[in-house]
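Asker: A predicted structure for the sequence below; I have some questions about it.
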Amino acid sequence: MENADLMFWRSIAVKMTEQVEKAVSPLIGKKEAGDIIKMGADGTPSKLIDIVAEDEVISVLEGTSRPVKLISEEIGELEIGTENSDFSDEFDVSSENSPESTSAKKIIFVVDPLDGTSNAIKNIPIFGISIAIAEYSPGKELPCLNDVKMGFVKNFATGDFYEGIRGQGAFLNGEKMISSPQTELNHSSMGAFIYGTKFSKIDNLSKQIRRIRILGSVAIELSYVAHGSYDAFLDLRGNLRIVDIAASKLIVEESGGVVTNQFGKALSGILNVKDRTSIIAAGNKELHEKIMTHMEVI
């Protein structure tokens, strides 16, 4: 992706975060925000606040007048800016006002419009948006996590804006981030989604780690790993949506961290709302290896 393309699509992502934040703001902490409207494309109930957030995402992308594919939890997949809904066909994104780019490439936005919905409804200050932007060459393999070029996560409650650009690093509010150098488990703080998990998987690890936190927003908690606020994060349920981590995985890796599944394998899931995974992220390779060593994988 050329620099002009990066800057153009980054500006769209920034605009998206601003407009979604504005749209959901009146619903934060309100009971009606949790009203179930329908079943989302990912198979989970879509609440009013989720629909409001996603509608704003669609509105922003429609306003670009550029061909783009949206992958989002509630709507699933949506073609925007092109009459041809067959994503296997090539289209030309060039126009008088668009950045110079390779016409054979297609842009995919993978968005969780509101990560931490339950927190937002209860006004617990850890909720926000996750946006991954992938560039994909049609006719090759299906687009996957490796095609993500940029990732953005904003915590609406604090205003913190995390971003990662492939090959260019990770940033928090414009300042470059470096993940934690902590290598000792007994000095480490870790985020974890452990409900619904056989505790035997992490029983030994929990005895080694200094602190464990459960905050309710995977995208933001992975961003904490990138920033060094967390030394590590894990979710071993095996049903973590690719949509939830498409942006923050890149942010962690660009900060110098390591991200794998629970078996230590690289994540390369297909960009859709159905693919699921487990995840172990750490600020550095040595800590990641120690986590794997002290965890019984069953």
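Answerer: It's in.
Asker: can you tell me the element Gly29 falls in?
Answerer: Applying DSSP states H and E as the criterion places Gly29 outside every helix and strand.
Asker: list the residues that contact it.
Answerer: Each residue near Gly29 by C-beta atoms under 8 Å, 6 or more residues apart in numbering is listed here: 120-123. Backbone N, C-alpha and C define where each C-beta goes, glycine included.
Asker: do you know how far Ser206 is from Ile212?
Answerer: Separation of Ser206 from Ile212 (C-beta to C-beta, to the nearest Å) stands at 7 Å.
Asker: could you list the low-pLDDT ranges of the stretch 101-250 of the chain?
Answerer: Residues of the stretch 101-250 of the chain meeting the criterion pLDDT under 70: 101-103, 195-201.
Asker: can you pull out the helices in it?
Answerer: With DSSP state H, counting those that start in this stretch as the definition, the stretch 101-250 of the chain shows helices at residue ranges 117-121, 203-208, 218-227, 242-254.
Asker: by residue count, tell me the biggest helix in the protein.
Answerer: Scanning the chain for the helix with the most residues, using DSSP state H, yields helix 3-24.
Asker: what's the closest non-adjacent residue to Phe161?
Answerer: Distance criterion C-beta to C-beta, 6 or more residues apart in numbering; nearest residue to Phe161, sequence neighbours excluded, is Lys154 at 4.8 Å.
Asker: the one you found reaches Gly116, doesn't it?
Answerer: No - applying C-beta atoms under 8 Å as the test, Lys154 and Gly116 come out as separate, 11.3 Å apart.
Asker: pop the domain breakdown of the protein in here.
Answerer: As given by automatic domain parsing, the domain ranges for the chain are 3-175, 185-294.
Asker: any idea which of these is most buried?
Answerer: Comparing the domains of the chain by mean neighbour count (mean count of other C-beta atoms under 10 Å), domain 185-294 comes out on top with a mean of 20.
Asker: how far out from the middle of the chain is it?
Answerer: 13 Å (C-alpha atoms, centre = their mean, to the nearest Å).
Asker: can you pull out the strands in the stretch 101-250 of the chain?
Answerer: Counting by DSSP state E, counting those that start in this stretch, one finds strands in the stretch 101-250 of the chain at the ranges 106-115, 128-136, 148-155, 161-165, 169-172, 175-176, 189-193, 211-213, 232-241.
Asker: let's have those strands in TSV, adding distance to Thr260.
Answerer: As requested, those are exported to TSV (distance: least, C-beta to C-beta, whole Å):
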stretch	distance to Thr260
strand 106-115	20
strand 128-136	18
strand 148-155	16
strand 161-165	17
strand 169-172	18
strand 175-176	24
strand 189-193	15
strand 211-213	19
strand 232-241	10
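Asker: picking that back up, what sits in contact with each of Lys154 and Gly116?
Answerer: Shared contacts of Lys154 and Gly116 (C-beta under 8 Å, 6+ apart): Gly128.
Asker: in contact with the closest residue to Asn119 other than its chain neighbours, which residues?
Answerer: What sits nearest to Asn119 in space, not counting adjacent residues and going by C-beta to C-beta, 6+ apart, is Phe127, at 4.4 Å. Residues in contact with Phe127 (C-beta under 8 Å, 6+ apart) are 114-117, 119-120, 155-157, 216-217, 220.
Asker: so which of those residues would you say is closest to Pro45?
Answerer: Taking C-beta to C-beta as the measure, Pro45 lies nearest Thr117 of the contacts of Phe127, at 9.8 Å.
Asker: that closest one contacts Lys47, doesn't it?
Answerer: Yes - between Thr117 and Lys47 a contact is recorded at 6.0 Å, counting by C-beta under 8 Å.
Asker: which residues do those two both contact?
Answerer: Gly34.
Asker: quick check: beta-bridge partners of Ala232?
Answerer: When bridges are assigned using DSSP bridges, the partners listed for Ala232 are Met190, Ala282.
Asker: isn't it up against Thr183?
Answerer: No - checked against C-beta under 8 Å, the pair Ala232 and Thr183 is beyond contact range at 10.8 Å.
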